[in-house]
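1. Need coordinates for the below:
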Amino acid sequence: MTNKARNTAGKFSAKSETPRKVRSVNLTENCWQWLARIAEEAGMSRNDYLEALAEATANPIMETVQAEIENTEKQPDIKLLPIMETVEADIKLHKQLEASDAIIRNRNQEIAALQSRLAGKDEIIAEAQEQIARLESEIASRPAQNSAPIAIGAELPEIEAADLLNKLKGKRKKSKADLADIEAILEILDK
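-> Coordinates of the predicted model:
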């Protein structure tokens, strides 16, 4: 909406087809100078700036507020007007909210990924439980093998410890039992 063109009389050219009337406002000298400075920074006349501010259709006021804030940061001895302090606080709050929203979005993505991984683990656990149940069922349905327990007090055939050790080594080549172990087992069985 910047309009720096002037007509032949040296006045600013009309901004729009809508005619303007001369109005009067009472402002302090400081306010008038401030309005001149921010309007110039926005590249428009005081009238255009006030109209844009009133219509709230343009965004030059926010640009000017940001410029004022940056100017104050460069020159700390300049005091902001109360409204500028409020706007500065609002801008900082808005930036903090944007940062918080980004953090929340990231956390939500992490939670979704963890929930997905957890669901996958639950499926694996369910499959494992099904396999365990199936194997237990198969084991229960098999006929008992010839591994009848030895009745306590039953007569055991006489066998030499060395022969028993040889038979054991024949069936289980990596057995760690030795002759002393076999003799101890036979003693236990004799008692």
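2. Give the helix, strand or coil label for residue 176.
-> Put simply, residue 176 is coil when judged by DSSP: H, G, I helix; E, B strand; the rest coil.
3. what does residue 17 give?
-> coil.
4. Can you give me the neighbour number for it?
-> Number of residues near residue 17 (other Cβ atoms under 10 Å) recorded here: 5. Yep, even glycine has a C-beta here, placed from its N, CA and C like the rest.
5. again, but for residue 40
-> 13.
6. Got the phi and psi for it?
-> The phi/psi pair for residue 40 (degrees, to the nearest 10) reads phi -60, psi -40.
7. what about it, distance to residue 6?
-> Separation of residue 40 from residue 6 (Cβ to Cβ, to the nearest Å): 15 Å.
8. Quick check: pLDDT value at the residue of the chain most remote from its centre.
-> Going by Cα atoms, centre = their mean, the residue of the chain most distant from its centre is residue 158, 74.4 Å out. On the pLDDT scale, residue 158 is placed at 74.
9. what's the longest helix in this protein?
-> Secondary structure of the chain read by DSSP state H shows that its longest helix is helix 82-141.
10. outside of the helix or strand that that one is followed by, which residues touch it?
-> Using DSSP states H and E, the next helix or strand after helix 82-141 towards the C-terminus is helix 161-171. By Cβ atoms under 8 Å, 6 or more residues apart in numbering, the residues outside helix 161-171 that reach it are 175, 177, 178, 179, 182, 183, 186.
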